[in-house]
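1. Need coordinates for the below:
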Amino acid sequence: MKKNFLKRACAASLLFAGVFSSHAMAGTDDGSIISDAGVEKPHFRTSVYVREGYDDNAETSNNNQVTSGYTSFGINEFADFGSDRSILTIGVQLGANYYYSQPGQKFDWTDNLSLNYTYKLNERLTLSLASYAAYQVEPQYDLLVAQNRVNGQYFYFTDVLSASYQWTRRFSTITNYTLDGIFYQDAAPKVTNDYVAQTFGNQFRFLALPTTTLVAEYRFGIVNYLYQSGNNSITNYFLTGFDHTFNPKLLTTLRVGAEIQDQNVGGISTSPYAEWSVNYAYQHLSSLGYYLRYGFDYSNLTVAQTDKALRTGININHGFSPKLTATLGIFYQHDDYSNSGGTPGTAFTENTIDIQTGLQYAMTPRLSLNASYTYTDLLSNNSLLEYHRSTVSIGANYGF
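-> Purely as a prediction, here's the structure:
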């Protein structure tokens with residue numbers, strides 16, 4: 001295990017070096033290379049962490065729950081740099097959880113990589129890339145990943161490439177392409193979960209007021225399952241909405257409309273669709289984020305069984321002082337699974353609530369102590385699917 005962990009650390013170091021080299025070779029309008037003088041000195045931040053915790057249902061089981069103490073450890077790397085035209089930020093986490101009483105595999109890996117790059121080609125055209133990849137075990141509700149329980153290690157990725165063009169002072173468009181997917185390591189969840197999805201989208205944006213942009217949007221989505229081709233689907237989205245800035249600290253985005261899904265075996269289904277997000281920096285060192293999404297979700301069960309899902313969550317970061325901060329995340333997910341192929345008795349619902357709380361205290365500019373508690377509860381009209389889980393941990397972070 002230690003050897004594999006060191007290999008991951010070396011790979012991350014090479015990634016940083018490779019991305020920085022490619023960034024330094026970015027081109028200008030006349031095809032020349034941006035000089036070193038135009039590139040800001042990169043900022044690198046590194047931290048290590050260790051936590052001790054207790055989990056009362058490590059495998060999210062309905063019965064025969066596995067309780068175990070665990071140790072989490074890892075390293076975080078963060079870098080940001082840019083020039084007059086471009087900004088690049090990268091974050092890498094390499095870590096693991098070791099469960100003392102978990103049967104079989106006792107290590108769970110918790111690796112992830114995030115990358116955000118923006119390049120202003122000229123005064124009208126801006127290109128951007130947002131990428132995230134994770135190799136982990138735990139459900140991550142803010143990712144909108146279908147699974148809401150532990151099913152072994154999985155690899156998840158999402159990449160969004162977009163081009164924004166300012167046609168006139170008031171009218172602009174944003175064209176984007178999204179590629180995402182999930183791949184489970186164990187055979188059982190692979191069969192119903194592994195997929196690759198592509199979404200093509202275009203926004204038509206009109207600046208109606210200095211603080212309000214009206215939006216009409218079309219998306220075209222293709223989902224291909226690796227082992228359940230009957231769940232393959234094509235979806236058309238027809239949306240309208242707005243982006244509004246109440247003040248520099250409070251922003252909101254809303255999209256509403258309809259989606260038409262044509263599933264390979266299940267046929268054509270329609271659903272209302274909605275997305276809403278709010279970001280509010282309500283005071284110094286404190287912020288609030290809220291999101292809501294309703295519509296078809298990636299089906300992760302039997303062939304021809306659609307899932308209409310409501311996902312909503314709020315995340316609060318509150319600074320009591322420069323040294324003491326607290327976090328609170330509350331996430332709710334409702335899944336409504338249709339009858340499989342019209343077969344009576346196969347429909348069911350799930351309701352999942354996940355609450356995450358934490359405190360962090362900065363002992364010194366480099367050393368901080370933290371404590372966290374997480375509670376998850378899944379309720380269903382199929383009692384075999386239900387579970388509840390609590391985890392608690394204390395630990396420390398050291399930055400250098």
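
2. so what's Glu259 scoring on pLDDT?
-> With respect to pLDDT, Glu259 has a value of 96.

3. quick one: it and Asn57, what's the gap?
-> 35 Å (C-beta to C-beta, to the nearest Å). Every C-beta, even on glycine, is put in place using the N, C-alpha and C of the backbone.

4. same deal with Gln147?
-> 16 Å.

5. Just list whatever residues bridge to Gln333.
-> Judged by DSSP bridges, the bridge partners of Gln333 are Arg311, Thr352.

6. Tell me which residues touch it, please.
-> Residues near Gln333 by C-beta atoms under 8 Å, 6 or more residues apart in numbering: Tyr141, Asn148, Ala309, Leu310, Arg311, Thr312, Glu350, Asn351, Thr352, Ile353, Asp354.

7. now do Ile314
-> For Ile314, the contacting residues are Leu288, Gly289, Tyr290, Leu328, Gly329, Ile330, by C-beta under 8 Å, 6+ apart.

8. again, 10 Å this time
-> Taking C-beta atoms under 10 Å, 6 or more residues apart in numbering as the criterion, Ile314 is in contact with Val278, Leu288, Gly289, Tyr290, Tyr291, Leu292, Leu328, Gly329, Ile330, Phe331, Tyr332.

9. mind checking pLDDT for it?
-> Ile314 carries a pLDDT value of 96.

10. that older thread, how about the contacts of Ile314 in JSON lines, adding pLDDT and neighbour count?
-> JSON lines is the format used below for these (pLDDT from 0 to 100; neighbours: other C-beta atoms under 10 Å):
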{"residue": "Val278", "pLDDT": "97", "neighbour count": "16"}
{"residue": "Leu288", "pLDDT": "97", "neighbour count": "16"}
{"residue": "Gly289", "pLDDT": "96", "neighbour count": "16"}
{"residue": "Tyr290", "pLDDT": "96", "neighbour count": "16"}
{"residue": "Tyr291", "pLDDT": "95", "neighbour count": "18"}
{"residue": "Leu292", "pLDDT": "95", "neighbour count": "16"}
{"residue": "Leu328", "pLDDT": "97", "neighbour count": "14"}
{"residue": "Gly329", "pLDDT": "95", "neighbour count": "18"}
{"residue": "Ile330", "pLDDT": "96", "neighbour count": "16"}
{"residue": "Phe331", "pLDDT": "94", "neighbour count": "21"}
{"residue": "Tyr332", "pLDDT": "94", "neighbour count": "16"}
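
11. Among those residues, name the ones in strands.
-> If you go by DSSP state E, those have Val278, Leu288, Gly289, Tyr290, Tyr291, Leu292, Leu328, Gly329, Ile330, Phe331, Tyr332 in strands.

12. ok, these vs Tyr98, which is closest?
-> Tyr98 lies nearest to Gly329 out of the ones in strands among the contacts of Ile314, by C-beta to C-beta, at 24.5 Å.

13. Find the pair from the contacts of Ile314 with maximum spatial separation.
-> Distances among the contacts of Ile314 were taken as C-beta to C-beta; the most separated pair is Leu292 and Leu328, at 17.4 Å.

14. thinking again about what came up before, looking at the contacts of Ile314, spot the one nearest Phe183.
-> Looking across those and measuring by C-beta to C-beta, the closest to Phe183 is Phe331, at 23.4 Å.

15. was I right about that closest one contacting Gln356?
-> Yes: counting by C-beta atoms under 10 Å, Phe331 touches Gln356, with 7.9 Å between them.

16. Return every residue with contacts to both of those two.
-> In contact with both Phe331 and Gln356: Tyr141, Gly313, Asn315, Thr376, using C-beta under 10 Å, 6+ apart.

17. Between all of those residues, which two are separated the most?
-> It's Asn315 and Thr376 that sit farthest apart of the shared contacts of Phe331 and Gln356, by C-beta to C-beta, at 15.8 Å.

18. So for these two, which residue has more residues nearby?
-> A direct count of neighbours by other C-beta atoms under 10 Å for Asn315 and Thr376 places Thr376 higher, at 22 against 16.

19. what lines up beside the helix or strand where the more buried one lies in the sheet?
-> Taking DSSP states H and E as the criterion, Thr376 maps to strand 367-380. Applying DSSP bridges, strand 367-380 is found paired with strand 348-362 (antiparallel), strand 387-399 (antiparallel).
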